[in-house]
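After the sequence you'll find the predicted model.
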Amino acid sequence: MTRARRQLSLATRAVGAALLALPCARAQEPELFGPPPPIGAAAADPTRAVDESDAAAAFLRRKLGLSAGPGGFGPPIPPDFVPPGPPQPRVRPPVQDPKPAPPPPRVDETDTARGALERIIPRAEPAREAPLPVVPPLRPAPELQDPARPATGELQDPTRPVDPTQRAGELLQRVLPEAKPPDSTLAPDRPQPEAPLDWTQADARFARGRASLRYRGREGDGDSDHDLIAYLDLDLGSAERDPISAHVSGRGYADLDGHEDDGNFNGLDETLGDVVLRLYEAYLDVHAIDELEVLRVGRQPLVETPVELSFDGLRAESARFSAIDGFGGAYVGVPVHHYESSHSGDLVVGLNAGASPWEGARLRADFMHLEDELRTSSPTDDLFGISLRQRLLEHATLFAKQTWRDGDPRDFVLRGRGELVDLGLDLNAGYRELLTAQRALVTELDPFHDVLLEEQPYRLADLELTKDLSETVSVAVGGAVRRLADLGDEGQFNREYERVWLRPMLDDLWVDGLSLAISAEAWRADGDAVRSLAGDLSWRVDDSLRFSLGTAYDLYKYDSFTGIEREHVRSWYLRVVSQPQARLRLDGGYEIESAEGEHFHLFRVGITWSF
């Protein structure tokens, strides 16, 4: 049945093409159709009539690479095939009879299509139905009536162009009324055509991105706040297709109920006004220079540098060269400080170089010079860093980084993650050590000094193991330890603690789409031992709707709106996410936080559009 449907699909396209191409094919393929009919009395000679059925079948076999006879689909004809013998010359005899020649006999298109199909698909079974009623060739069948054509009973306008594909479909339905509509799959021994360009794919559209709008309402301790927040991410052009591409990312904020100086929910946005527009990224990438892997100008982020930052300026990085994939780069500009009114005196300059000196390794070295006029105690800092990313075997990666500030060691980071195949375990481990105290440095090195004050040296290690017990059950177990280099440095925002956790996760619990994640934790800090239980119950009704109900616990939680740290914070939340269309996402949620006898309520409703 599949082969018959494929043959029918191929024949549908072939008949449509043949009907459209017959007039041109007569001139281009004289060895198939014979010379043009003469003008005059000779045209009335019935022996000169061409069998359109045979001509259509021969033309289709020639163009589609089919072999004649009952063999069906044969090997394709080479593209450079030339039929034997010279083509028939186009010689028209002189007119012998001035009288107009009678019109040639009308050819029934249904019979033509039937004959062509019988030659191309000789094994197709005929329709098991009573003979079809005779249908005038110029009047479409009622069930095939096109609204753009005259109503049944009226002659079709001969000057109106006819879609050959649609006409072929009509003829096939009349010839094979019991056949199912063909699919688009071609015969397996025929080359598949190139798929048409899908303009829904990100790399096929010139403009693509995401826009979201979200309402946020908060209430607690006798106060309330209502805000509107919007985000935009926009990409223009493609690095693979265009010489220049662009990216823009920003955020908009509006305080719907006005600013209150003594409000409990005053945050960073409220300090700048009731309406705040913030530009995160806006840059152009130039792809027309083969020697440069990156040439970017504008507001852009730096991610792989010793410290992450955003700046307005120029960045260039060479293409990989030599056998070790070496590269070098440089950048210069003004650091972006979103909450400063002036950037005068700020500067960032940097150099970087890297290579892959051995298999699976990527070595990188960075130098950064930072100037910040706001920090009078340390207006300039020089930072040097070296990092190594090493692939271990096939399932593990190791990352290490060491930085120095003004010649003194600053911090050391070591992380590893991978899969222990023999044990069926996923491993994620990390270690970070702050080697020198952070005191009012440039903003990029110590952005929270105004709130957290000095940060004293410490060591932090964590480890987590995850194992899949079955297709629907997995469990993760882990722990973390934080230690101060000097116990006397312990303060409100700088503590020692130990923490362990167990996180079982169950999918398709009781019903399909219902999942449960539980987090059992134990904390010990300042001589206190705290145990907590958190969980999330999610139900994915289908691909477009999901509900989540859960609870969470934080031993310490910093409130960015009030600038204070709260302890033993318990949160409950309900969230709903709906995706009615592929590019449209709706979400909403409610959350309540309880700490030290106070309760705070949070409402969110949002819409996200991807384009």
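Perfect, thanks for sending it. Residues are numbered from 1 along each chain as shown.

which stretches of the protein aren't confidently modelled?
Along the chain, segments meeting pLDDT under 70 span 1-204, 259-263, 375-378, 448-452, 555-566.

which residues sit against stretch 497-510?
If you take Cβ atoms under 8 Å, 6 or more residues apart in numbering as the criterion, stretch 497-510 is touched by 471-482, 514-525, 555. C-betas here are computed from N, CA, C, even on glycine.

Now, of those residues, which are buried?
474, 476, 478, 480, 482, 514-519, 521, 523, 525, 555 (16 or more other Cβ atoms under 10 Å).

For the stretch 301-450 of the chain, just list every one of the helices.
For the stretch 301-450 of the chain, the helices defined by DSSP state H, counting those that start in this stretch cover 449-452.

ok, now the chain?
For the chain, helices defined by DSSP state H occupy the ranges 2-28, 30-33, 52-64, 109-120, 164-175, 449-452.

if we can go back for a sec, closest to residue 443 out of the buried ones among the contacts of stretch 497-510?
residue 482 (24.9 Å; Cβ to Cβ).

Going by neighbour count, list what's buried in stretch 226-233.
226, 227, 229, 231, 232, 233.

partner residues bridging residue 352?
Legend: beta-bridge partners of residue 352 under DSSP bridges are residue 329, residue 366.

Make residue 1 into 40 and carry on from there
In the new count, where the first residue is 40, that last one comes out as residue 391.

Name the residues that touch stretch 630-640?
Taking Cβ under 8 Å, 6+ apart as the rule, stretch 630-640 contacts 257-260, 596, 605-613, 629, 641, 643.

Could you rerun that using 6 Å?
Residues from elsewhere that reach stretch 630-640 (Cβ atoms under 6 Å, 6 or more residues apart in numbering): 258, 259, 260, 605, 608, 609, 610, 611, 612, 641.

quick one: which two of these are the most distant?
Maximum distance among the contacts of stretch 630-640 (Cβ to Cβ): 19.4 Å, for 260 and 612.

Those two: which has the busier surroundings?
residue 612 (17 against 11; other Cβ atoms under 10 Å).

do you know how far the more buried one is from residue 538?
22 Å (Cβ to Cβ, to the nearest Å).

before we move on, what about residue 390?
The value you get for residue 390 to residue 538, if Cβ to Cβ is used, is 40 Å.

Just want to know which of the two has more residues nearby.
The residue with more neighbours, out of residue 390 and residue 538, is residue 538; 17 against 14, by other Cβ under 10 Å.

what is the more buried one paired to in the beta sheet?
Here residue 538, judged by DSSP bridges, has bridge partners residue 519, residue 562.

again with residue 292
Where residue 292 sits in a bridge, its partners, by DSSP bridges, are residue 268, residue 315.

do the same with residue 386
With DSSP bridges as the rule, residue 386 is bridged to residue 410.

ok, now how distant is it from residue 266?
34 Å.

Next: residue 378.
Taking Cβ to Cβ, one finds residue 378 at 17 Å from residue 266.

likewise residue 351?
Residue 351 is 28 Å from residue 266, by Cβ to Cβ.

Also residue 551?
38 Å.

How about residue 362?
For residue 362, the distance to residue 266 - Cβ to Cβ - is 55 Å.

Over to residue 506?
Residue 506 is 43 Å from residue 266, by Cβ to Cβ.

quick one: contacts for residue 255?
Taking Cβ under 6 Å, 6+ apart, one finds 266, 643 in contact with residue 255.

If we use 10 Å, what do you get?
Taking Cβ atoms under 10 Å, 6 or more residues apart in numbering, we find residue 255 in contact with 264-268, 292, 295, 304, 641-645.

what is it paired to in the beta sheet?
Counting by DSSP bridges, the residues bridging with residue 255 are residue 266, residue 643.

and what of residue 506?
residue 464, residue 514.

surely it meets residue 465?
Yes - here residue 506 reaches residue 465: they are 7.4 Å apart, a contact under Cβ atoms under 10 Å.

between the two, what contacts are shared?
Taking Cβ under 10 Å, 6+ apart as the criterion, residue 506 and residue 465 both touch 459, 513, 515.

Touching, the second one and residue 465? I think so.
Yes - look at residue 513 against residue 465 with Cβ under 10 Å: they come within range, at 9.2 Å.

which residues are common contacts for these two?
In contact with both residue 513 and residue 465: 505, 506, 507, using Cβ under 10 Å, 6+ apart.

wouldn't the last one be in contact with residue 462 here?
No - contact between residue 507 and residue 462 fails when scored by Cβ under 10 Å: they sit 11.4 Å apart.

So these two - more neighbours on which side?
Shown here are residue 507 and residue 462; by other Cβ under 10 Å, residue 507 has more neighbours (13 against 10).

Quickly note the distance from that one to residue 450.
From residue 507 to residue 450 the distance is 35 Å (Cβ to Cβ).

Adjacent strands (with direction) for the strand with the most length in the chain?
Of all the elements of type strand in the chain, the one with the most residues (DSSP state E) is strand 603-620. Strand pairing for strand 603-620, using DSSP bridges, gives strand 584-598 (antiparallel), strand 623-634 (antiparallel).

To residue 341, which of those lies closest?
strand 584-598 (25.9 Å).

separation between the residue nearest to residue 395 when sequence neighbours are not counted and residue 635?
Of all residues beyond its chain neighbours, the one nearest residue 395 is residue 364 (4.5 Å), with distances taken as Cβ to Cβ, 6 or more residues apart in numbering. To residue 635, residue 364 is 55 Å away according to Cβ to Cβ.

Compare those two (neighbour count), which wins?
residue 364 (13 against 8).

since we're on residue 375, how many residues are nearby?
22.

Is it in contact with residue 382, as I believe?
Yes - counting by Cβ under 10 Å, residue 375 does reach residue 382; the two are 7.8 Å apart.

Pull up the overlap in contacts between these two.
350, 351.

So residue 535 is in contact with residue 562, correct?
No - using Cβ under 10 Å, residue 535 makes no contact with residue 562, being 11.5 Å away.

ok, the nearest residue to residue 349 once chain neighbours are set aside - contacts?
Distance criterion Cβ to Cβ, 6+ apart; nearest residue to residue 349, sequence neighbours excluded, is residue 375 at 4.3 Å. Contact partners of residue 375, counting by Cβ under 10 Å, 6+ apart, are 317-320, 338-340, 348-352, 382, 385, 387, 482.

Which of those residues fall within strands?
Using DSSP E, the contacts of residue 375 in strands are 317-320, 338-340, 348-352, 387.

Please produce a ChimeraX select command covering the buried subset of the residues you listed.
Selection of the buried residues among those in ChimeraX, burial being defined by 16+ other Cβ under 10 Å:
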select :318,319,320,338,339,348,349,350,351,352,387
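
For the ones in strands among the contacts of residue 375, please prepare a markdown table with the additional fields distance to residue 311.
Shown next, in a markdown table, are the ones in strands among the contacts of residue 375 (distance: Cβ to Cβ, whole Å):
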| residue | distance to residue 311 |
| --- | --- |
| 317 | 9 |
| 318 | 14 |
| 319 | 15 |
| 320 | 19 |
| 338 | 18 |
| 339 | 23 |
| 340 | 22 |
| 348 | 21 |
| 349 | 18 |
| 350 | 21 |
| 351 | 19 |
| 352 | 24 |
| 387 | 23 |
